[in-house]
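>>> A predicted structure for the sequence below; I have some questions about it.
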Amino acid sequence: MSRHRITRLVLATAFLSIASLVAISQPASAADRPPNVVVIFIDDMGYGDIGPFGAQGYTTPHLDRMAKEGRIFTDFYVTQAVCSASRAGLLTGCYNVRVGILGALGPQSNTGINANEVTLAEICKQKDYATACYGKWHLGHHHQFLPLQNGFDDYFGLPYSNDMWPYHPGVAHLPMEERLKRWPHLPLIDKNDVVNAQVTGEDQEQLTTQYTERAVSFIDKNQDRPFFLYVPQSMVHVPLYVSDKFKGKSERGLFGDVMMEVDWSVGQILDALRRNKIDDKTLVIFTADNGPWLSYGDHAGNAGPLREGKGTMFDGGCRESTIMWWPGTIPAGTTCHEPAMTIDILPTVAALCGARLPEHKIDGKNILPLITGEADAKSPHEAYFMYWGKELQAVRMGKWKLHFPHGYRSLDGRPGGTGGIPVDYSTARIGLALFDLEHDIGETTNVAEQHPDVVERINRLAAEMRADLGDSLNKQQGQGLRPPGRI
């Protein structure tokens with residue numbers, strides 16, 4: 001080889017090495033950036049309350065389109081059928097019992113999310129995501145528990161449920177002085193500051209619009225970087241409020257009007273993604289925190305074919321109508337019947353953006369193959385465990401669901417209340433009961449005697465979970481429990 005050819009080869013090799021180093025040092029292109037994530041979390045929405053799941057008396061055109069362009073999940077669960085507990089499962093990837101968040105935290109509560117827990121927002125912050133929460137937080141209202149102290153860059157909304165105020169029907173007959181001893185005024189918070197110390201009904205009429213405007217502005221502002229947007233709507237939790245845009249628009253009364261505004265909000269968010277040409281870079285998840293509060297009757301949602309509602313671990317309480325949307329990645333117009341749960345969102349997002357999972361134990365698993373419609377994809381869980389409070393009440397394993405003997409609240413076929421005034425529940429009981437949800441979605445026919453092998457297998461799994469998370473039904477203390485945050 002001539003001296004000139006050797007020289008050219010050395011120079012070419014050096015140039016390629018330098019070019020490679022420069023390429024490595026450059027930031028990733030927009031095409032290579034991790035996906036945006038939007039989670040829209042509706043409050044107290046029933047399984048049958050949106051068009052793709054059979055809603056009647058009003059239309060949900062934006063959710064209908066989202067389903068046609070995305071993927072419906074028919075068997076998607078929350079950890080527990082009540083507000084704070086459900087949110088804890090979504091944001092930590094853990095059964096809420098593990099992280100010590102039970103029930104619905106009120107304005108007198110001194111507990112909240114523990115600073116040692118890793119939230120979905122903090123997972124995203126590892127990869128320099130912009131993060132925001134607009135809506136109902138409900139994981140503790142004291143400063144240390146609020147979103148900005150738990151991974152979010154921005155927050156606007158109510159710290160807890162919109163009925164935790166002195167205008168609740170249960171105290172409306174009392175003088176205001178007496179009411180305030182039970183429920184203080186409801187605050188509206190912007191970042192860490194109370195910007196309205198006494199939210200009124202007129203203020204609540206604007207909440208859905210305000211949350212939506214904040215969400216759209218956040219998308220516009222962060223179109224050029226990855227972001228995580230969490231929109232936990234205050235509606236359709238009672239008391240129901242709707243803006244003038246949708247008053248009297250439905251055949252279902254006020255509840256239908258409110259659902260139409262929720263659908264409008266979804267449409268605004270999806271339109272913002274399309275307008276900014278980042279729809280193909282964004283995973284959007286639409287679901288709910290628990291089923292309908294049936295005692296409120298015409299102000300409550302509809303569980304469709306499912307049994308019972310909010311406050312129970314029958315599927316009407318904890319199985320949520322869910323749509324996932326990511327044009328070009330999620331196959332359009334498809335359906336997933338595999339069981340999945342909100343605890344799976346955190347590890348799935350971590351995998352998508354290349355973030356580290358928490359060092360402590362979590363319960364969720366990556367369900368990306370289910371989301372993207374991978375052929376023959378199955379749930380990565382052998383079973384899901386359904387606690388009410390600290391009681392292990394049921395286990396979902398494949399198509400099977402086993403209930404252990406427990407009491408629960410029920411209307412026993414009676415109608416709910418009218419005009420925002422609830423009726424009282426009765427207390428009912430169920431014994432050991434196995435249901436085949438593939439053929440009996442309403443959990444009506446106990447087939448435990450016909451399938452003793454299935455009962456035995458689920459019992460073994462339940463025993464393992466009781467050792468980990470405990471079971472107050474058996475007065476068993478779990479070894480894997482972590483405390484909530486306390487002031």
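Thanks, I have it.
>>> and the closest residue to residue 486 other than its chain neighbours, how many neighbours?
The shortest distance from residue 486 to any non-neighbouring residue, by Cβ to Cβ, 6 or more residues apart in numbering, is to residue 111 (5.4 Å). Quick note: C-beta positions are derived from backbone N, CA and C, even for glycine. By other Cβ atoms under 10 Å, the residues close to residue 111 number 19.
>>> with residue 464 instead?
Residue 464: 11 neighbours (other Cβ under 10 Å).
>>> doesn't residue 67 make contact with residue 323?
Yes: Residue 323 lies in contact with residue 67 (Cβ atoms under 8 Å); the separation is 5.2 Å.
>>> stretch 149-168: end-to-end distance?
Stretch 149-168 has an end-to-end distance of 30 Å (Cα to Cα, to the nearest Å).
>>> pLDDT on it, on average?
Here stretch 149-168 scores 97 as its mean pLDDT.
>>> how about stretch 236-249: buried residues?
Buried residues in stretch 236-249, counted by 16 or more other Cβ atoms under 10 Å: 236, 237, 238, 239, 240, 241, 242, 243, 246.
>>> residue contacts, the nearest residue to residue 241 once chain neighbours are set aside?
Once flanking residues are discounted, residue 241 sits nearest to residue 204: 3.9 Å by Cβ to Cβ, 6+ apart. Residue 204 sits next to 162, 234, 239, 241 when contact means Cβ atoms under 8 Å, 6 or more residues apart in numbering.
>>> cutoff 10 Å now
158, 162, 165, 167, 186, 188, 234-235, 239-243 (Cβ atoms under 10 Å, 6 or more residues apart in numbering).
>>> re earlier: run through the residues that contact the residue nearest to residue 486.
84, 100-102, 105, 139-140, 142, 145, 483-487.
>>> swap the cut-off to 7 Å and go again
By Cβ atoms under 7 Å, 6 or more residues apart in numbering, the contact list for residue 111 reads 105, 140, 484, 485, 486.
>>> and residue 283, helix, strand or coil?
Look at residue 283: counting by DSSP: H, G, I helix; E, B strand; the rest coil, its state is strand.
>>> and the residue nearest to residue 486, what pLDDT?
Residue 111 is assigned a pLDDT of 98 by the prediction.
>>> how near is residue 360 to residue 390?
20 Å (Cβ to Cβ, to the nearest Å).
>>> now residue 253
Residue 253 is 38 Å from residue 390, by Cβ to Cβ.
>>> residue 322 too?
Distance from residue 322 to residue 390, by Cβ to Cβ: 26 Å.
>>> before we move on, what about residue 354?
36 Å.
>>> higher neighbour count, those two?
When neighbours are counted by other Cβ under 10 Å, residue 390 comes out ahead of the other of residue 354 and residue 390, with 16 against 9.
>>> residues contacting the residue nearest to residue 484 when sequence neighbours are not counted?
Excluding the flanking residues, the one nearest residue 484 by Cβ to Cβ, 6+ apart is residue 100, at 3.6 Å. Listed by Cβ under 7 Å, 6+ apart, the contact set of residue 100 reads 481, 482, 483, 484.
>>> wait, a helix at residue 100?
No: when three-state DSSP is applied, residue 100 is found to be coil, with no helix at that position.
>>> phi, psi of it?
Phi and psi for residue 100, reported as degrees, to the nearest 10, are phi 80, psi 20.
>>> re the thing from before, quick one, which of the contacts of residue 100 are buried?
The buried subset of the contacts of residue 100 - by 16+ other Cβ under 10 Å - is residue 484.
>>> I am finished for the moment; much appreciated.
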